[in-house]
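Novice: From the sequence below, what's the structure:
(chains A and B)
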Amino acid sequence: DGGITQSPKYLFRKEGQNVTLSCEQNLNHDAMYWYRQDPGQGLRLIYYSQIVNDFQKGDIAEGYSVSREKKESFPLTVTSAQKNPTAFYLCASSSGQGASKNIQYFGAGTRLSVL
Amino acid sequence: RKEVEQDPGPFNVPEGATVAFNCTYSNSASQSFFWYRQDCRKEPKLLMSVYSSGNEDGRFTAQLNRASQYISLLIRDSKLSDSATYLCVVKSDRGSTLGRLYFGRGTQLTVWP
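Specialist: I've put the predicted structure just below:
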């Protein structure tokens, strides 16, 4: 089935540790996004990529890093510099073309907690 | 000022009721608007796009008022399964943020039997 796959579903981070969240899509979408959602809050954009080998910072990029070496993959690393990483992380993609070009489709998310 | 503002609710309504959610946006140049639905501890999913002339999908009606920079969602004949958080979403058409979506905090709806 076509879609966006995020893994793992749950992740625990120890203090000082870097962790990487996986996001893979087989929708042939050009654009991919990472959001963070805190309880009772809206989605906040961390990073986005509109094409392979290119990405831009969103509103809350500090303490995070990304790469976009393949069209299908957009992993997010939560570094030790991110002091409050506990949140629900959502990956999304959009085609950027055609009638549905502006619609973003989401993965099931990763819940990150600090031990 | 936030790009998208929504009343967080919660709205608690009985089955069969009609309920309306409102949303305002700050960028007058925005061209694309959406309503997403998010169930508890799940990812957001597109409910419907919002067109300038207004549009309807079954029990759901979306309206756009560009002059007032205001978007609404009307749900008729509410079902228990409509219980969720409804996110107002606006696409930016401004310079460096071209193509980005801005999400409201969401309006929580609970439909009770």
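Novice: Can you tell me which residues in chain B are near chain A?
Specialist: B:4, B:8, B:32, B:34, B:41-46, B:49, B:87, B:91, B:99-101, B:103-106 (Cβ under 8 Å from any Cβ of the partner chain). Glycine gets a C-beta too; all of them are placed from N, C-alpha and C.
Novice: burial measure for residue A:10, as a count.
Specialist: 10 (other Cβ atoms under 10 Å in any protein chain shown).
Novice: Break down the chain into its strands, ranges please.
Specialist: No chain specified, so I'll use chain A. A:4-7, A:10-13, A:19-25, A:31-37, A:43-51, A:54-57, A:64-66, A:76-78, A:87-94, A:105-106, A:110-114 (DSSP state E).
Novice: hm, I was asking about chain B
Specialist: B:4-6, B:11-14, B:19-25, B:32-38, B:44-50, B:55-57, B:60-65, B:70-75, B:84-91, B:101-103, B:107-112.
Novice: Just put the strands of chain A in TSV and tack on distance to residue B:79 and mean pLDDT.
Specialist: Output for those, formatted as TSV (distance: least, Cβ to Cβ, whole Å; pLDDT from 0 to 100):
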stretch	distance to residue B:79	mean pLDDT
strand A:4-7	27	97
strand A:10-13	31	93
strand A:19-25	31	97
strand A:31-37	25	96
strand A:43-51	26	94
strand A:54-57	40	94
strand A:64-66	39	97
strand A:76-78	36	97
strand A:87-94	26	96
strand A:105-106	23	95
strand A:110-114	28	94
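Novice: do you know which of those strands lies nearest residue B:27?
Specialist: Proximity to residue B:27 (Cβ to Cβ) singles out strand A:43-51 among these, at 15.1 Å.
Novice: residue contacts, the spatially most central residue of chain A?
Specialist: Centroid-nearest residue in chain A, with Cα atoms, centre = their mean: residue A:34, separated by 2.8 Å. In this structure, residue A:34 makes contact with A:21, A:23, A:45-48, A:58, A:64, A:66, A:74, A:76, A:89-92, judged by Cβ atoms under 8 Å, 6 or more residues apart in numbering or on different chains.
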